[in-house]
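Q: Need a 3D model of the following:
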Amino acid sequence: MDFINEILPLREQASIRDRWLKTRLETIIPDLLQRENIDMWIVICREYNEDPVLLSLLPATSMSARRRTILLFSRNGDEVERMTLSRYGYEGFYEGVWDPDKEDQFKCLARIVRERDPKRIGINTSETFAFGDGITQTEFRLISDALGEPYRARLRSAENLCVGWLEGRIPEEIVAYPRLVKTGHQIIARAFSTAVIHPGLTSTDDVVWWMRDSMQEAGLSAWFQPTIDIQAPGQSYEVSENPRKTIMPGDLLHCDMGFHYLGLATDQQQHAYVLRPGESDAPPGLIAALQDGNRLQDIHLEEMQLSRSGNEVLRAILERAADEGIRAQVYTHPLGVHGHAAGPLVGLWDRQDGVPGVGDYPLYDDTVYSIELNVTRSIPEWDGQDARIMLEEDAVLTGGEMRWLDGRQESFYLIG
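A: Sure thing, here's the model as predicted:
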């Protein structure tokens, strides 16, 4: 498979990720500290109980914290000093400032804080974002005890700093992202073909595990178990106890898959139709339903505007869809270091009235989203039974405008 040959060796991947990390540390961190009015940011955690932001701040070959890892970012005007209080350093990324043979780790932390005298100290606590709530109760207590007054009173939530760090993409990442998304499209195209699917013999589980094996063989890491499901006359999109899993002519197939590569995630959903004897395309009703889905995508991208909150975007999309007679649901999420990533939610499938907190966060430039939605339409060829078109394509907000990273599905894959 061509996409396997295009995946870089691990050594080259690590080199690229480390180069990106240096650029990110030098460009994103200073802007975020200024934006959030934080003078010092403390990231602290222990091995195998990592803060959600930690690994994104470390070189590619660092696969966990080591013992207790402490990272410090100290702002002095436009300059940011990057330090680590760890037994094992990160040369070229952070200055090692702790000698464990001479000083206790927390005494060293307290000394550095006193020397720099920050007025606002960010720590990772949040009631809204899991990504900003990485400090454990123990680490919080130890920091508080070590700093004492007046610095204990200067501790502030760094939740928006965490989210901003994780969601922000540098130009190099934005340029590389379409290659990742294209690889996902290639896997789906292969899965939705007679190379993989033999109607009457192949099951949905067979296709799921073909996807997992293909990602594994290519060196890609699935971040969730893919899914394949069937809609057909007599089998709707609604979950039933014993759905048919053997793929047959006349089936509308749907997939959901995503992976990590170069430290970034993809997330995609597309459809295929299994031709009946004598058919050369899907029934007109299904084609019209897909066109509804594409129209909803158009509306969605138009409403993704800078500084709007996710909830504002959601309301605008659903109002326009209702005006056009489209039965719609929207549940778009940020994409990046994680699959369900840091940033504003634009709906959840069970919260079409908005998502308090996470949905109130605004859209910033140079961020990536998985545009996830569905439309429902009555299908005449299925005796009026509803079909649901569930689409998910990855897009970037950059330069104040939304665009697809590698296009979108506008016609069904045809099998048979």
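Q: State the distance from the residue of the chain positioned farthest from its centre to Cys108.
A: Residue farthest from the centre of the chain, counting by Cα atoms, centre = their mean, is Lys102 at 42.2 Å. For Lys102, the distance to Cys108 equals 9 Å [Cβ to Cβ, to the nearest Å]. C-betas here are computed from N, CA, C, even on glycine.
Q: With Leu57 instead?
A: 19 Å.
Q: ok, now His338?
A: From His338 over to Cys108 (counting by Cβ to Cβ), the distance is 31 Å.
Q: Now the element after the lengthiest helix in the chain, going C-ward?
A: Counting by DSSP state H, the longest helix found in the chain is helix 10-35. Using DSSP states H and E, the helix or strand that directly follows helix 10-35 along the chain is strand 40-46.
Q: can you give me how far that following strand is from the chain middle?
A: With Cα atoms, centre = their mean, to the nearest Å as the basis, strand 40-46 stands 23 Å off its chain's centre.
Q: May I ask which helix or strand encompasses the residue found closest to Leu57 once you drop the neighbours it is linked to in the chain?
A: Counting by Cβ to Cβ, 6 or more residues apart in numbering, Leu57 lies nearest to Leu71, which is 6.0 Å off, once chain neighbours are set aside. Using DSSP H and E, Leu71 sits in strand 68-76.
Q: Please export the alpha-carbon coordinates of the next helix-or-strand element following that strand; CSV is fine.
A: Downstream of strand 68-76, the first helix or strand assigned by DSSP H and E is strand 79-85. Provided in CSV are the C-alpha atoms of strand 79-85 (Å, rounded to 0.1, in the frame of the first residue of the first chain):
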residue,chain,number,x,y,z
GLU,A,79,12.0,36.8,27.0
VAL,A,80,11.1,33.5,28.5
GLU,A,81,13.5,31.5,30.6
ARG,A,82,12.9,27.7,30.2
MET,A,83,14.2,25.6,33.1
THR,A,84,13.9,22.0,34.4
LEU,A,85,14.2,20.7,37.9
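Q: and the closest residue to Val396 other than its chain neighbours, how many neighbours?
A: Closest residue to Val396 apart from its sequence neighbours, by Cβ to Cβ, 6+ apart: Val368 at 5.0 Å. Using other Cβ atoms under 10 Å, Val368 has 25 neighbouring residues.
Q: Val80 bridge partners, please.
A: Arg75 (DSSP bridges).
Q: Tell me how far it lies from Leu72.
A: Distance from Val80 to Leu72, by Cβ to Cβ: 10 Å.
Q: the more surrounded of those two?
A: Using other Cβ under 10 Å as the criterion, Val80 and Leu72 rank with Leu72 on top: 23 against 19.
Q: Is it correct that the more buried one is in contact with Ile112?
A: Yes: using Cβ atoms under 8 Å, Leu72 is in contact with Ile112, at 6.6 Å.
Q: Need the overlap of contacts for those two.
A: Common contact partners of Leu72 and Ile112 (Cβ atoms under 8 Å, 6 or more residues apart in numbering): 83, 85, 97.
Q: The second one contacts Leu109, doesn't it?
A: In other words, Leu85. Yes: applying Cβ under 8 Å, one finds Leu85 in contact with Leu109, separated by 5.8 Å.
Q: Now for these two: what residues contact both?
A: 70, 72.
Q: Who are the contact partners of the most centrally placed residue in the chain?
A: With distances taken as Cα atoms, centre = their mean, the residue of the chain nearest its centroid is Leu335 (2.5 Å). Applying Cβ under 8 Å, 6+ apart, we find Leu335 in contact with 264-267, 341, 368-370, 394.
Q: Could you check how far it is from Ala342?
A: Leu335 is 10 Å from Ala342, by Cβ to Cβ.
Q: for Gln297, same thing?
A: The value you get for Gln297 to Ala342, if Cβ to Cβ is used, is 23 Å.
Q: Between those two, tell me which one has more neighbours.
A: Per other Cβ under 10 Å, whichever of Gln297 and Ala342 has more neighbours is Ala342, with 29 against 22.
Q: And the longest helix of the chain, what's buried?
A: Across helix 10-35, burial judged by 16 or more other Cβ atoms under 10 Å covers 13-14, 16-18, 20-21, 24-25, 28-30, 32-33.
Q: Put together CSV for these, with distance to Phe259 and pLDDT on each row.
A: Formatted as CSV, the buried residues of helix 10-35 follow (distance: Cβ to Cβ, whole Å; pLDDT from 0 to 100):
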residue, distance to Phe259, pLDDT
Gln13, 13, 95
Ala14, 17, 95
Ile16, 17, 97
Arg17, 15, 97
Asp18, 21, 97
Trp20, 18, 98
Leu21, 20, 98
Arg24, 21, 98
Leu25, 25, 97
Ile28, 24, 97
Ile29, 27, 97
Pro30, 32, 97
Leu32, 28, 97
Leu33, 32, 97
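Q: so where's the chain shaky on pLDDT?
A: 1-5 (pLDDT under 70).
Q: Show me it divided up by domain.
A: 2-165, 169-415 (automatic domain parsing).
Q: Kindly check the end-to-end length of the last one for me.
A: Across domain 169-415, the terminal residues are separated by 37 Å (Cα to Cα, to the nearest Å).
Q: same question, stretch 75-84
A: Note: stretch 75-84 ends 15 Å apart using Cα to Cα.
Q: For that stretch, buried residues please.
A: For stretch 75-84, by 16+ other Cβ under 10 Å, it's 75, 80, 82-84.
Q: Check for me that the residue farthest from the centre of the chain belongs to a strand.
A: No: counting by DSSP: H, G, I helix; E, B strand; the rest coil, Lys102 is located in no strand; its state is coil.
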